[in-house]
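1. Structure for this input, please:
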Amino acid sequence: MPHRLSTRSWGLARPPAMNAAALRTEKRWRWPVLIGLLCTIPAFYIELLEDLPTPLAVAIYLGAAGLIVLSLSLVASQLSHPRQYLRSNAMDLVLAVGLVAAALLPPSVHSQLALGLRLFVAMLTLVHMAWAIKFWVTRGGLGYLLALAMLVLFFCGVGFWALEPRVHSLGDGLWLAFTTAATVGYGDIVPTTPAAKIFSVFVVLLGYAVLSLVTAAIASFWVETSERRMEQDILRDMHAQLRSVHEELAALKDELKRLER
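-> A predicted model of the protein is given here:
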């Protein structure tokens, strides 16, 4: 019987919980893959703002695809049913193929099909990153998620500062990033260029993902706190009952000794 894959969703799955070696390998490669995928976001804009695919953008796309394939291969090699693991990570396989295609297709400014495929690859990248960091949605992971939210906000602000001509400072970029991610839309600063408008789509999706994870972690914190209080009350009640039973047994023993005399 094949081992069940753990945490399977969205065409993504972790190795079986009983296979410690595969879990360690997956955890070891999780961050390199995340960093590689994160670099594909500026690669998308490097390619979009130039008239031809630059060597840097091509290298980033191919490097991210290579990291995904290498990670999947190393984990699968330590499993008794590697094909089942690869089928359960079909989205990662599609993402790897899409990254290679994004590196080889013509410039986005000259091909709507190429632009659409690169946008699709970017969406899959965001899904993978959200799935990979959702293990932080625990009571102990709230601090990490808050730090991640601030980091995402900072880089989104830098992105708007670089892409939007109406943003004249990093402060304006951070403000536009916050209002975009929070879907507030005050209208004092708005994206005007095609690159900034496309970037705002990513910012909204990143905002939803990160803010949802932070909200879930806060809810998990309160739920776990409440559960711990209930467990403590139950343990206190059990200890009190055990003491009562112990006292009753001691009294019965004393009574038996008196009767024997």
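2. In terms of secondary structure, what does the helix or strand A147 falls within contact?
-> Assigned by DSSP states H and E, A147 belongs to helix 142-163. Contact partners of helix 142-163 among helices and strands, from 3 or more CB pairs under 8 Å, 6 or more residues apart in numbering; DSSP states H and E: helix 20-49, helix 170-181, helix 194-260. Placement of C-beta: from N, CA and C, glycine included.
3. one more time with 6 Å
-> helix 170-181, helix 194-260 (3 or more CB pairs under 6 Å, 6 or more residues apart in numbering; DSSP states H and E).
4. Now do the buried residues in the first one.
-> In terms of neighbour count (16 or more other CB atoms under 10 Å), helix 170-181 has its buried residues at 172-177, 179-181.
5. Reformat these as TSV; add pLDDT and distance to T40.
-> Converted to TSV, those look like this (pLDDT from 0 to 100; distance: CB to CB, whole Å):
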residue	pLDDT	distance to T40
D172	90	26
G173	89	21
L174	89	23
W175	90	26
L176	89	22
A177	87	19
T179	86	25
T180	86	20
A181	83	20
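6. wait, which of those is closest to A76?
-> A181 (36.1 Å; CB to CB).
7. my guess is the closest one meets Y208, correct?
-> No: if you go by CB atoms under 6 Å, A181 and Y208 don't touch, sitting 7.9 Å apart.
8. Tell me, please, the helix or strand in the protein that averages the lowest pLDDT.
-> Confidence across the helices and strands of the chain bottoms out at strand 6-9, with a mean of 55, counting by mean pLDDT, DSSP states H and E.
9. roughly how far is the helix or strand following that one from the heart of the chain?
-> Downstream of strand 6-9, the next assigned helix or strand under DSSP H and E is strand 12-14. Distance, stretch centre to chain centre, for strand 12-14: 12 Å (CA atoms, centre = their mean, to the nearest Å).
10. wait, what's in contact with V184?
-> For V184, the contact set (CB atoms under 6 Å, 6 or more residues apart in numbering) is empty.
11. circling back to that earlier point, figure out which of the helices and strands packed on helix 142-163 is closest to L145.
-> helix 194-260 (4.9 Å).
12. other SSEs contacting that closest one?
-> By 3+ CB pairs under 6 Å, 6+ apart, helix 194-260 packs against helix 142-163, helix 170-181.
13. Is it possible to get TSV of these that adds distance to S212?
-> Formatted as TSV, those follow (distance: least, CB to CB, whole Å):
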stretch	distance to S212
helix 142-163	10
helix 170-181	11
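14. looking at these, which has the lowest confidence?
-> Per-stretch mean pLDDT for the helices and strands packed on helix 194-260 is lowest at helix 142-163 (a mean of 81).
15. so where's the stretch 101-250 of the chain uncertain?
-> Along the stretch 101-250 of the chain, segments meeting pLDDT under 70 span 135-142, 220-221, 223-228, 231.
16. re the thing from before, which one of the helices and strands packed on helix 194-260 lies closest to A22?
-> Of the helices and strands packed on helix 194-260, nearest to A22 by CB to CB is helix 142-163, at 23.8 Å.
17. Can you check what angle separates that closest one from helix 20-49?
-> 20 degrees (axes from the mean of the first three to the mean of the last three CA atoms, to 10 degrees).
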